[in-house]
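Peer 1: Have a look at this prediction, sequence included:
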Amino acid sequence: MLERLSLRQRLLLWLLPSTAALTLAWIVGTYAVAQHFVGRVYDWALEDTARTLAGQVRVERGTATVNLPAPALRMLEFDEFDQIYFSVTDPQGRQLAGNQSLPSPPGRGDDGPRVRFYLDTVDGTPLRLVQYRMRGDGSVAIYVRVAETLHKRKNLAREMMVYMLGSQLLFLAGIVFLVWYRVGRGIAPLNRVRDA
């Protein structure tokens with residue numbers, strides 16, 4: 001079968017698998033980049049929510065209250081695609097306020113930066129969480145945690161990938177055409193010698 005193929009067809013058979021493999025690697029890399037930047041954007045929004053919520057927490061004699069009217073709390077919890085959770089806890093893990101008990105980040109709560117992002121699950125549902133450490137009365141640390149499900153992140157990364165996939169497939173088609181054309185031009189002298 002291979003003997004019946006022209007030189008151009010043989011060269012294409014050798015070049016196309018590596019080109020297709022590189023294109024596939026490009027697609028996978030592009031999806032990873034899209035997920036990274038989508039995650040960064042939503043992380044910033046999650047951190048803003050945690051900081052805003054922390055600004056409304058009042059701690060007196062070890063008791064925390066969230067100074068938000070009911071409509072503002074409903075706005076905080078409302079999201080068309082994701083479920084939003086929040087909690088305010090003391091260093092012992094007691095929930096002082098919030099709509100869900102949220103897990104703490106890996107490691108000790110007092111260690112590391114004031115703002116920590118992490119992934120965890122609640123009732124089997126994967127969540128992206130942010131913990132904002134603030135000081136209550138005295139030197140007691142209070143932890144404000146906000147979490148959301150991952151639907152928006154996945155949907156946006158997928159949508160970005162679909163739009164980029166068109167350009168990548170067009171690129172692959174262009175490579176195939178250029179290889180076919182340039183190989184034909186490159187072996188034209190050999191064809192003339194063969195014909196002679």
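Peer 2: Arrived safely. Numbering: from 1, shown residues only.

Peer 1: Can you pull the poorly scored residue ranges out of this protein?
Peer 2: Scanning the chain for pLDDT under 70 picks out 1-8, 62-64, 108-112, 136-139, 184-188, 190-196.

Peer 1: Tell me which strands the longest strand belonging to the chain pairs with, and in which orientation.
Peer 2: In the chain, taking DSSP state E as the definition, the longest strand is strand 125-135. Note on strand 125-135: by DSSP bridges, its sheet partners are strand 115-122 (antiparallel), strand 141-149 (antiparallel).

Peer 1: Please work out which of these is packed deepest.
Peer 2: Stretch with highest mean neighbour count among the strands paired with strand 125-135: strand 141-149 (a mean of 23; mean count of other Cβ atoms under 10 Å). Just so you know, the C-beta spots here come from the backbone N, C-alpha and C atoms, and that holds for glycine as well.

Peer 1: And the next helix or strand after that strand, what does it pack against?
Peer 2: Proceeding N to C from strand 141-149, the next assigned helix or strand is helix 151-186, under DSSP states H and E. When contacts are defined as 3 or more Cβ pairs under 8 Å, 6 or more residues apart in numbering; DSSP states H and E, helix 151-186 packs onto helix 7-55.

Peer 1: ok, back up a step: turn the strands paired with strand 125-135 into JSON lines, including distance to residue 74.
Peer 2: Below are these laid out as JSON lines (distance: least, Cβ to Cβ, whole Å):
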{"stretch": "strand 115-122", "distance to residue 74": "20"}
{"stretch": "strand 141-149", "distance to residue 74": "15"}
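
Peer 1: closest to residue 79 out of these?
Peer 2: Residue 79 lies closest, by Cβ to Cβ, to one member of the strands paired with strand 125-135: strand 141-149, at 6.9 Å.

Peer 1: From the rest of the structure, what touches the longest strand of the chain?
Peer 2: With contacts defined as Cβ atoms under 8 Å, 6 or more residues apart in numbering, strand 125-135 is touched by 39, 42-43, 46-47, 49-51, 53-54, 57, 83, 85, 102-105, 109-110, 114-121, 141-150, 153.

Peer 1: what do you get if the cut-off is 6 Å, keeping everything else the same?
Peer 2: 46-47, 50, 54, 105, 114-118, 120, 141-148, 150 (Cβ atoms under 6 Å, 6 or more residues apart in numbering).

Peer 1: quick one on the thing from earlier: of the strands paired with strand 125-135, which is nearest residue 29?
Peer 2: When the strands paired with strand 125-135 are compared by Cβ to Cβ, strand 115-122 sits nearest residue 29, at 21.6 Å.

Peer 1: Contacts made by the closest one with the rest, please.
Peer 2: 43, 47, 103, 105, 127, 129, 130, 131, 132.

Peer 1: ChimeraX command to pick out the buried ones of those?
Peer 2: Listed next is the ChimeraX selection for buried residues among these, using 16 or more other Cβ atoms under 10 Å:
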select :47,103,105,127,129,130,131,132
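
Peer 1: Dump the contacts of strand 115-122 into CSV; add distance to residue 11 as well.
Peer 2: Formatted as CSV, those follow (distance: Cβ to Cβ, whole Å):
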residue, distance to residue 11
43, 48
47, 54
103, 57
105, 55
127, 52
129, 53
130, 54
131, 57
132, 60
